[in-house]
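Asks: I would like to see how this sequence folds:
(2 chains)
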Amino acid sequence: MPKQPKEKKGNNSNPEMPEMKVAVGEGMRRLPVYLLLDTSGSMAGAPIEAVRRGVELFKQEVEQDSFAKETVHVAVITFGGEAEFVTRGLIPVDSFQSPALSATSGTPLGQALWLLIESLDKDVKAAVKGKEKGDWKPLVFVLTDGEPTDDWQEPLEEIRNRQTKKVVNIITVGCGPYINQQNLKDIAIGPTFNMGSDEASFKAFFKWVTQSVVAASKAVTQPGGGDKPVDMPPPPEQIQYIP
Amino acid sequence: MNREFRRGDPCPSQLTNKHKDMRANSAQLGKYCVIGASVRGKLHIHNEVPRDDAFAVHSNPNGTWLAVAVSDGVGSRNLSRYGASYAVNKLCTRLLDGVVKAKHGKAFGLSALSQPVASKQPCSDDRLTDIGDSNGLTPQLRELEEVVRNAFRSTRVDVEEFAREQKVLLEDLHCTLLGLILNVETGLVGVGQIGDGLILGFTDEKKAVSLTESPIPDELGATYLLTQDNWEQYFRTGSLSTEEAQHFTTFYLMTDGVADDCQYGPPADILQRWANDMDREIRLLPFPKKTAQRLKRYLATYQAKGSFDDRTLVAVYRKEDE
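Replies: Numbers count the residues shown, from 1 in each chain, chains lettered A, B, ... in the order given. Purely as a prediction, here's the structure:
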């Protein structure tokens, strides 16, 4: 048996050890964040402009966090007139551009939820061992100023009954005086909130969405994380929790 | 001559014991070298919380058996590092006790040696794919896997007792656990796993083979744990006979902080690439101590998108020309 060379004492402090060069996978686990935004007629004017700016603020602030920036992928679905999947899928937050928004009569939340279901099936990835990492459970925020004008119960029931690619976080936020709090609570999987419809409230809302997303991006990367509703950071004073 | 050693994270005696941010250790036993390293992940550094991973490597006094364990403490439990470091040490102890006290105790070494091992027979692909499937095992391997199972059971009881002594809940010590027991004279191997992570074998034909098929929960991001109810439902064992083990030059045990970066593509063959690269790198220098330090530095610095978790890897490799 050939003799093994003896380790010289003190060599372990030698800084000139060659770096290891080892291949790593390029796949990663994404945190899907869905923004379902009411663009009904009552949002026309200042409110919808405030929403647009809020989405832009959300993008900028999420990008500031090095963990969230790597994992957050955004989808925007608007519901006013006809529901529209504005981003047509999940987009890395650093590639995402805040969309132009316009108000149209009608509040088709049900249509928006069906688009969400389609996206959960098509865009959110399940883990396949040896092939690709699955995504974390999606975060869904619903912002609305009034009552839905179509059937939202059926798609919501379907979301609640999902056995794969489950959704455990639908956070609903009502803005303005015409919201139906009970509806908001029925739609939510998780907490429900209320806020004003002025610019400051929208700004505060999107800032809080950012904080929640950043917190979630940290919670889910821990062992055991990602399988229960995210602990939301406390909302600002402009946003009131509906018990 | 007493060849007993203990490397890796020390077994905690209380919940105030220090758990280092980084650790690297090495050992040699018979024709095998062992290197292990564990580092705090970027997220833990950012949140200013300790490393939650742990590893341990033990040998028995006559230097015939090597036990290795790695564990990942659940991040949402701020005492889980104690669960992890306690579990890895207890599992190593239980594995070594188990092989010596088993019905064929010494025969795990002797009967295997008594069978002629004249020349290498190819390890069939069927057996490679069936590792982890207890059907078709010899009585010897069946008993070895039972030793592994009992060692995990006893470790679970040990952790429960530790929780009671420390006046905390068992769930405060939530952790995964992966273990390997190796006879360094015959090459006989037994493995067990509960939770995420990976136990990998690397063959002389440069093929990477998972030695257990540990179930993954349907819930994205969740894992099974030693410390949960019904843990045995999700526990898996595997084994290699002496003949089969001849074809394996290296074994890796790793927590999911590393496993996630080498199992999932693209590229589709990432696991093979990773295993080939890692095997080359750990054999580059003939100094296990220096290699362990290199490994620690590598784990602390390699970049992979979305990879923020603690990283722990132990490699057991047969020396060249052995």
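
Asks: count the residues that sit near residue 144.
Replies: I went with chain A, as the question did not name one. Number of residues near residue A:144 (other C-beta atoms under 10 Å in any protein chain shown) recorded here: 28. Just so you know, the C-beta spots here come from the backbone N, C-alpha and C atoms, and that holds for glycine as well.

Asks: the chain in question should be chain B.
Replies: With other C-beta under 10 Å as criterion, residue B:144 counts 28.

Asks: quick check: beta-bridge partners of the nearest residue to it once chain neighbours are set aside?
Replies: Excluding the flanking residues, the one nearest residue B:144 by C-beta to C-beta, 6 or more residues apart in numbering or on different chains is residue B:190, at 4.3 Å. Residue B:190 has the following beta-bridge partners by DSSP bridges: residue B:181, residue B:239.

Asks: just the pLDDT for residue B:190.
Replies: At residue B:190, the model reports a pLDDT of 97.

Asks: now do the helices in chain A.
Replies: Using DSSP state H, the helices of chain A run over A:46-64, A:66-71, A:109-122, A:153-160, A:181-187, A:199-219.

Asks: export the ones you listed as TSV, with columns for distance to chain B, mean neighbour count and mean pLDDT.
Replies: Formatted as TSV, the helices of chain A follow (distance: least, C-beta to the nearest C-beta, whole Å; neighbours: other C-beta atoms under 10 Å in any protein chain shown; pLDDT from 0 to 100):
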stretch	distance to chain B	mean neighbour count	mean pLDDT
helix A:46-64	13	19	88
helix A:66-71	5	19	86
helix A:109-122	12	20	94
helix A:153-160	15	15	91
helix A:181-187	22	16	88
helix A:199-219	6	21	80
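
Asks: okay, those helices in TSV with distance to residue B:10 next?
Replies: TSV is the format used below for these (distance: least, C-beta to C-beta, whole Å):
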stretch	distance to residue B:10
helix A:46-64	40
helix A:66-71	31
helix A:109-122	46
helix A:153-160	48
helix A:181-187	51
helix A:199-219	29
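
Asks: out of those helices, nearest to residue A:83?
Replies: The closest of those to residue A:83 is helix A:109-122. By C-beta to C-beta, the value is 3.5 Å.

Asks: for that closest one, give me every contacting residue.
Replies: Here helix A:109-122 makes contact (C-beta atoms under 8 Å, 6 or more residues apart in numbering or on different chains) with A:34, A:36, A:38, A:75, A:77-79, A:82-85, A:89-90, A:138, A:140, A:142, A:144, A:148-156, A:158-159, A:162, A:165, A:167, A:187.

Asks: wait, which of the helices of chain A is closest to residue B:306?
Replies: When these are compared by C-beta to C-beta, helix A:66-71 sits nearest residue B:306, at 5.2 Å.

Asks: name the surrounding residues that touch the closest one.
Replies: A:28-31, A:62-63, A:93-94, A:136, A:213-214, A:217-218, A:220-221, B:42-43, B:46, B:305-306, B:308.

Asks: list only buried entries from these.
Replies: Buried members of the contacts of helix A:66-71, scored by 16 or more other C-beta atoms under 10 Å in any protein chain shown, are A:28-31, A:62, A:93, A:136, A:213-214, A:217-218, A:220-221, B:42-43, B:306, B:308.

Asks: quick check on the contacts of helix A:109-122: which are buried?
Replies: Buried among those (16+ other C-beta under 10 Å): A:34, A:36, A:38, A:75, A:77-79, A:83-85, A:90, A:138, A:140, A:142, A:144, A:148-150, A:152, A:155-156, A:159, A:165, A:167, A:187.

Asks: find the residue at the geometric middle of chain A.
Replies: The residue lying closest to the centre of chain A (C-alpha atoms, centre = their mean) is residue A:33, at 1.8 Å.

Asks: surely that residue meets residue A:137?
Replies: No: checked against C-beta atoms under 8 Å, the pair residue A:33 and residue A:137 is beyond contact range at 11.0 Å.

Asks: what is the burial count for residue 161?
Replies: In the absence of a named chain, this looks at chain A. 8.

Asks: sorry, should have said chain B
Replies: 13.

Asks: chain center to the helix or strand containing it, what's the gap?
Replies: Assigned by DSSP states H and E, residue B:161 belongs to helix B:139-165. Relative to the chain's own centre, helix B:139-165 is displaced by 15 Å; criterion: C-alpha atoms, centre = their mean, to the nearest Å.

Asks: also stretch A:143-158?
Replies: 19 Å.

Asks: repeat that for stretch B:185-193.
Replies: For stretch B:185-193 - counting by C-alpha atoms, centre = their mean - the centre lies 11 Å from the chain centre.

Asks: mind checking the end-to-end distance for it?
Replies: 24 Å (C-alpha to C-alpha, to the nearest Å).

Asks: what of stretch B:13-20?
Replies: 15 Å.

Asks: anything in it near chain A?
Replies: No: Stretch B:13-20 lies apart from chain A when judged by C-beta under 8 Å from any C-beta of the partner chain; the minimum separation is 15.8 Å.

Asks: for that stretch, buried residues please.
Replies: So, applying 16+ other C-beta under 10 Å, buried residues of stretch B:13-20: B:15, B:19.

Asks: who touches it?
Replies: Contacts to stretch B:13-20, defined as C-beta under 8 Å, 6+ apart, come from residues B:9, B:10, B:12, B:50, B:51, B:54, B:79, B:81, B:82, B:85, B:166, B:168.

Asks: just the closest of those to residue B:301, please.
Replies: Residue B:301 has its nearest neighbour among the contacts of stretch B:13-20 in residue B:51, at 15.4 Å by C-beta to C-beta.

Asks: let me know the pLDDT of the closest residue to the closest one other than its chain neighbours.
Replies: Excluding the flanking residues, the one nearest residue B:51 by C-beta to C-beta, 6+ apart is residue B:40, at 3.9 Å. At residue B:40, the pLDDT value in this model is 96.

Asks: what's near enough to touch residue B:40?
Replies: With C-beta under 8 Å, 6+ apart, residue B:40 has these contacts: B:21, B:22, B:50, B:51, B:310.

Asks: out of those residues, who's the most crowded?
Replies: Counting by other C-beta under 10 Å, top hit in those: residue B:310 with 31 neighbours.

Asks: contact partners for that residue?
Replies: Here residue B:310 is in contact with B:38, B:39, B:40, B:41, B:44, B:51, B:52, B:53, B:72, B:255, B:257 (C-beta under 8 Å, 6+ apart).

Asks: surely the last one touches residue B:72?
Replies: Yes: in this structure residue B:257 lies within contact range of residue B:72 using C-beta under 8 Å: 7.3 Å.

Asks: which residues do those two both contact?
Replies: With C-beta under 8 Å, 6+ apart, residue B:257 and residue B:72 have common neighbours B:53, B:309, B:310, B:312.

Asks: show me where chain B has helices.
Replies: So, for chain B - with DSSP H - the helices run B:42-46, B:80-101, B:107-114, B:125-130, B:139-165, B:242-245, B:256-263, B:270-282, B:288-301.

Asks: picking up where we left off before, export the contacts of residue B:40 to a markdown table and append columns for pLDDT.
Replies: Formatted as a markdown table, the contacts of residue B:40 follow (pLDDT from 0 to 100):
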| residue | pLDDT |
| --- | --- |
| B:21 | 97 |
| B:22 | 97 |
| B:50 | 94 |
| B:51 | 96 |
| B:310 | 95 |
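
Asks: just those residues now: which is nearest chain A?
Replies: residue B:310 (8.9 Å; C-beta to the nearest C-beta).

Asks: distance of the closest one relative to residue B:41?
Replies: Separation of residue B:310 from residue B:41 (C-beta to C-beta, to the nearest Å) stands at 4 Å.

Asks: intersection of neighbour lists for these two?
Replies: Joint contacts of residue B:310 and residue B:41 (C-beta under 8 Å, 6+ apart) are B:51, B:257.

Asks: got the contact list for residue B:165?
Replies: Residue B:165 sits next to no residue when contact means C-beta under 8 Å, 6+ apart.
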